[in-house]
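Asks: whatever this is, show me its structure:
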Amino acid sequence: MKNKTYRSPVRKEGFAGLGDYAAIGEGRSVALIAPDGAIDWWCAPNLDSPPLFDRILDPGIGGFFQLEPEGSYRVERRYREESNVLETLYSTESGSVRLTESLNSSLAGRLPWSELARRVEGIEGEVVLNLRLKLGTMAESRSPWVADTHHGAVFHIGDLMTMLRTSEDVTISWLCDEAVEGRLVTSPGSHSLIALLASEKEPLAVPDLAAIDDRIETSHTAWRDWVNHLSYQGLFSPHVKRSALSLKFLWYSPTGALAAAATSSLPEGFGGEKNYDYRYAWVRDACLIIKSFVYLGALEDCKAAFSWLTHTIIRHGVKLRACYTLDGSLVPEERYLPLRGYEDSQPVRVGNNARDQVQLSMYGDMLSTARLFIQAGHVLDIATSRMLGELANCCADSWRQKDSGIWELPDEQHYTHSKMACWLALDQAVAMAEGKHIEPTWVGRWERERDRIRDWIEEHCWSESRQAYMFYVGCEDRLDASLALMHHYGNSVNPERMLKTYDAIRRELGHNSAMLYRYSGVEQEESTFVACSFWLVEACASMGDTKRAEASMHEILESLCDRGNVEIFNEMFDVRTASWRGNLPQGLSHLALVCAAQALTEAKGE
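Replies: Residues are numbered from 1 along each chain as shown. All right, here's what the predicted structure looks like:
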């Protein structure tokens with residue numbers, strides 16, 4: 001041990017690398033942990049609550065909760081097999097220690113309070129760990145204060161109450177309204193516990209430390225039980241299971257909603273303005289996650305998520321919004337917080353203005369997901385069936401409009417992806433009507449409009465000079481990687497044109513690499529979009545180009561998973577610097593891996 005070199009993780013002006021974070025969660029919230037033992041992000045008690053810890057967005061004033069070895073050290077991290085319980089091994093010149101971390105739940109589901117548990121076990125020698133807790137101020141809108149109770153110190157931050165609980169071997173050297181500092185010395189075989197409890201607008205439970213410690217193992221058992229009940233038996237199974245566990249972070253158990261990601265305002269390009277709040281449920285993202293849950297065999301999650309989505313749409317009068325809050329309300333209008341932003345990327349947002357955009361592709365998302373839901377063995381209720389018929393009629397009425405497209409751009413155009421998604425919506429509506437799953441009254445109209453959309457696309461969206469479908473009508477020189485989602489259209493309408501389009505996308509948006517940018521020209525301000533790369537794998541496999549699809553899958557996984565991280569995917573990956581960008585864990589990135597693996601499994605007959 002004395003001959004080894006110990007280099008502690010380095011922060012840049014207080015910021016850890018976006019690709020260096022691991023996540024823990026319990027079906028209600030997600031905490032992000034840096035390699036130096038700092039929890040830099042945790043919205044408690046809910047995914048979309050104001051953050052208790054937000055140092056990831058402002059190292060100066062942001063809150064965090066850190067357990068870090070004194071002096072220099074090395075870090076090795078992994079999730080327990082088929083679990084979201086995180087284990088970190090810290091090695092120093094004087095010894096080594098294992099840190100096991102969990103947002104705890106019970107075998108019956110989430111707890112009625114938030115319980116963040118950190119178990120410390122001495123492995124070799126003696127290691128000094130420093131404890132630092134700095135409470136967040138909810139972007140300077142609240143001032144924390146501490147109250148003494150018969151159970152110990154309780155901190156108040158607005159409506160949130162939180163309490164630090166530690167085993168007796170932890171020495172607290174400083175405690176004030178805003179912070180706690182302490183110290184722990186480990187020895188071989190030592191076993192310590194440090195936990196943070198939180199509740200909002202309700203009494204705070206103060207469980208016994210032994211019970212908190214036991215619930216780390218209970219949570220591990222619950223994660224393993226969920227994975228063991230998945231039915232996926234296909235290719236790339238270890239990666240698929242890890243992505244499934246990451247998607248489970250985003251499943252909001254109180255309602256069944258699916259968040260797009262667990263964070264807000266992490267930049268797609270450092271110093272730029274593409275920093276959005278993704279802690280809401282997008283119709284598109286939710287539909288695609290449901291699709292991946294079908295492939296995984298996650299019956300309960302699939303049903304809960306689809307039911308939440310249909311109830312929410314019906315609740316708001318069958319007018320599709322791009323996104324909703326996790327309780328099914330309308331997403332608030334964007335406002336900006338007085339925070340520095342990750343590596344000075346401004347603005348820092350709460351809310352999302354995409355809520356008001358016209359996005360025609362949502363019709364295809366909803367109706368194709370409904371059909372897949374049916375094919376998985378579910379039966380539609382009357383209200384959902386009628387709602388799907390209404391959506392098909394809305395699609396038939398509105399497909400001729402310009403919209404903001406899948407990428408939510410301010411420039412409304414006739415986006416090819418949107419038109420193909422409308423074709424898909426009506427094609428799926430016809431199939432469901434013929435199968436007597438939705439009312440067949442308008443099926444003749446749906447068939448005629450579907451064929452009109454097909455003819456319109458083939459006349460207006462194909463570029464003869466580029467030998468590819470265009471990004472939008474009138475832009476001969478631009479391509480869009482999201483057309484990889486429309487392989488069903490290609491198979492049904494014009495396979496030759498679609499395969500030529502995919503060749504052009506790989507050549508021009510990937511620069512002959514499997515890692516793709518979203519659309520032409522965007523590489524000047526952002527990185528490759530992880531989901532697009534997997535979408536093209538799925539598309540090629542589904543259209544019979546299995547050899548290319550499998551080679552691309554291996555290339556993508558080599559790029560993303562051999563970087564010493566724990567397979568928590570952000571939205572984007574910068575191939576130029578081998579670093580991550582954007583919010584995390586990103587649902588689109590993980591679900592796309594699952595769907596690509598499923599498509600390859602089916603194509604190869606595995």
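
Asks: OK, contacts around residue 378?
Replies: Going by C-beta atoms under 8 Å, 6 or more residues apart in numbering, residue 378 touches 302, 303, 306. Every C-beta, even on glycine, is put in place using the N, C-alpha and C of the backbone.

Asks: change it to 7 Å
Replies: Contact analysis of residue 378 by C-beta atoms under 7 Å, 6 or more residues apart in numbering lists residue 303.

Asks: does it belong to a helix, a strand or coil?
Replies: Recorded secondary structure, residue 378: coil (DSSP: H, G, I helix; E, B strand; the rest coil).

Asks: list phi and psi for residue 262.
Replies: phi -100, psi 0 (degrees, to the nearest 10).

Asks: strands of the stretch 201-350 of the chain, residue ranges please.
Replies: Counting by DSSP state E, counting those that start in this stretch, one finds strands in the stretch 201-350 of the chain at the ranges 251-252, 257-258, 281-282, 323-324, 335-337, 348-350.

Asks: out of these, which is closest to residue 290?
Replies: Taking C-beta to C-beta, strand 257-258 is the member of the strands of the stretch 201-350 of the chain nearest to residue 290, at 7.6 Å.

Asks: could you say what helices and strands that closest one packs with?
Replies: Counting contacts by 3 or more C-beta pairs under 7 Å, 6 or more residues apart in numbering; DSSP states H and E, strand 257-258 packs against helix 283-296.

Asks: related to what we said a few turns ago, as TSV, the strands of the stretch 201-350 of the chain with mean pLDDT and distance to residue 230 would be great.
Replies: As requested, the strands of the stretch 201-350 of the chain are exported to TSV (pLDDT from 0 to 100; distance: least, C-beta to C-beta, whole Å):
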stretch	mean pLDDT	distance to residue 230
strand 251-252	96	14
strand 257-258	97	17
strand 281-282	98	22
strand 323-324	98	27
strand 335-337	96	38
strand 348-350	97	35
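
Asks: what's the most buried one of these?
Replies: Comparing the strands of the stretch 201-350 of the chain by mean neighbour count (mean count of other C-beta atoms under 10 Å), strand 281-282 ranks first with a mean of 28.

Asks: neighbouring contacts of it?
Replies: So strand 281-282 is contacted by 257, 258, 259, 260, 322, 323, 324, 326 (C-beta under 7 Å, 6+ apart).

Asks: just the buried residues of stretch 90-97, please?
Replies: 90, 91, 92, 94, 95, 96, 97 (16 or more other C-beta atoms under 10 Å).

Asks: in what helix or strand does residue 199 lie?
Replies: For residue 199, the element it lies in under DSSP states H and E is strand 191-200.

Asks: show the contacting residues for residue 427.
Replies: Counting by C-beta under 7 Å, 6+ apart, the residues that residue 427 touches are residue 450.

Asks: for residue 78, the count of nearby residues, please.
Replies: Other residues lying near residue 78 total 12 when counted by other C-beta atoms under 10 Å.

Asks: should've said residue 241
Replies: Using other C-beta under 10 Å, residue 241 has 18 neighbouring residues.

Asks: for it, which residues are in contact?
Replies: Residues near residue 241 by C-beta under 7 Å, 6+ apart: 82, 227.

Asks: what about the strands in the stretch 351-500 of the chain?
Replies: Using DSSP E, counting those that start in this stretch, strands in the stretch 351-500 of the chain cover 462-463, 468-469.

Asks: let me have these in a markdown table, extended by mean neighbour count, distance to residue 582 and mean pLDDT.
Replies: A markdown table is the format used below for these (neighbours: other C-beta atoms under 10 Å; distance: least, C-beta to C-beta, whole Å; pLDDT from 0 to 100):
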| stretch | mean neighbour count | distance to residue 582 | mean pLDDT |
| --- | --- | --- | --- |
| strand 462-463 | 17 | 30 | 98 |
| strand 468-469 | 28 | 26 | 98 |
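
Asks: between those, which one is nearest to residue 223?
Replies: The minimum distance between residue 223 and the strands of the stretch 351-500 of the chain falls on strand 468-469, with 42.0 Å, by C-beta to C-beta.

Asks: can you give the contact residues for the lowest-mean-pLDDT helix or strand in the chain?
Replies: Lowest by mean pLDDT, DSSP states H and E among the helices and strands of the chain is strand 109-110, with a mean of 86. Strand 109-110 has contacts (C-beta under 7 Å, 6+ apart) with 26, 27, 28, 253.

Asks: could you verify my assumption that the first one touches residue 106?
Replies: No - with contact taken as C-beta atoms under 7 Å, residue 26 and residue 106 are classed as non-touching, separated by 9.6 Å.

Asks: look at the two and report which has more neighbours.
Replies: Ranked by neighbour count (other C-beta under 10 Å), residue 26 and residue 106 place residue 26 first, with 27 against 14.

Asks: and the helices in the protein?
Replies: Using DSSP state H, the helices of the chain run over 209-228, 237-249, 283-296, 299-315, 361-375, 382-398, 416-434, 443-460, 487-492, 495-509, 530-542, 546-561, 587-604.

Asks: what's the most buried one of those?
Replies: Comparing those by mean count of other C-beta under 10 Å gives helix 530-542 as most buried, with a mean of 27.

Asks: farthest-apart pair in the buried residues of stretch 90-97, please.
Replies: Spatial extent of the buried residues of stretch 90-97 (C-beta to C-beta) is set by the pair 90 and 94 at 11.0 Å.

Asks: mutual contacts of these two, please.
Replies: residue 127.

Asks: could I get the strands of the stretch 351-500 of the chain as TSV with distance to residue 60?
Replies: Shown next, in TSV, are those (distance: least, C-beta to C-beta, whole Å):
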stretch	distance to residue 60
strand 462-463	50
strand 468-469	48
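
Asks: thinking again about what came up before, any chance of the strands of the stretch 201-350 of the chain in CSV, plus distance to residue 445?
Replies: Output for the strands of the stretch 201-350 of the chain, formatted as CSV (distance: least, C-beta to C-beta, whole Å):
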stretch, distance to residue 445
strand 251-252, 37
strand 257-258, 32
strand 281-282, 29
strand 323-324, 29
strand 335-337, 43
strand 348-350, 41
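
Asks: any idea how far residue 481 is from the closest residue to residue 553 other than its chain neighbours?
Replies: For residue 553, ignoring the flanking residues on the chain, the nearest one in space by C-beta to C-beta, 6 or more residues apart in numbering is residue 537 at 4.9 Å. Applying C-beta to C-beta, to the nearest Å, the value for residue 537 to residue 481 is 12 Å.

Asks: now do residue 262
Replies: Taking C-beta to C-beta, one finds residue 262 at 24 Å from residue 481.

Asks: if you count what's nearby, which of the two comes out ahead?
Replies: Using other C-beta under 10 Å, the more surrounded residue of residue 262 and residue 481 is residue 481, with 30 against 27.

Asks: skipping its backbone neighbours, what lies nearest the more buried one in space?
Replies: Residue 481 sits nearest to residue 532 (C-beta to C-beta, 6+ apart), 3.9 Å away.

Asks: hmm, back to that, nearest to residue 22, of the strands of the stretch 351-500 of the chain?
Replies: Judged by C-beta to C-beta, the one of these that comes nearest to residue 22 is strand 468-469, at 39.5 Å.

Asks: residues in contact with the closest one?
Replies: 416, 461, 462, 479, 483, 497, 500, 501, 504.

Asks: now with 6 Å, please.
Replies: With C-beta atoms under 6 Å, 6 or more residues apart in numbering as the test, strand 468-469 has contacts from 416, 461, 462, 483, 501, 504.

Asks: my guess is the second one meets residue 416, correct?
Replies: Yes - look at residue 461 against residue 416 with C-beta atoms under 6 Å: they come within range, at 4.3 Å.
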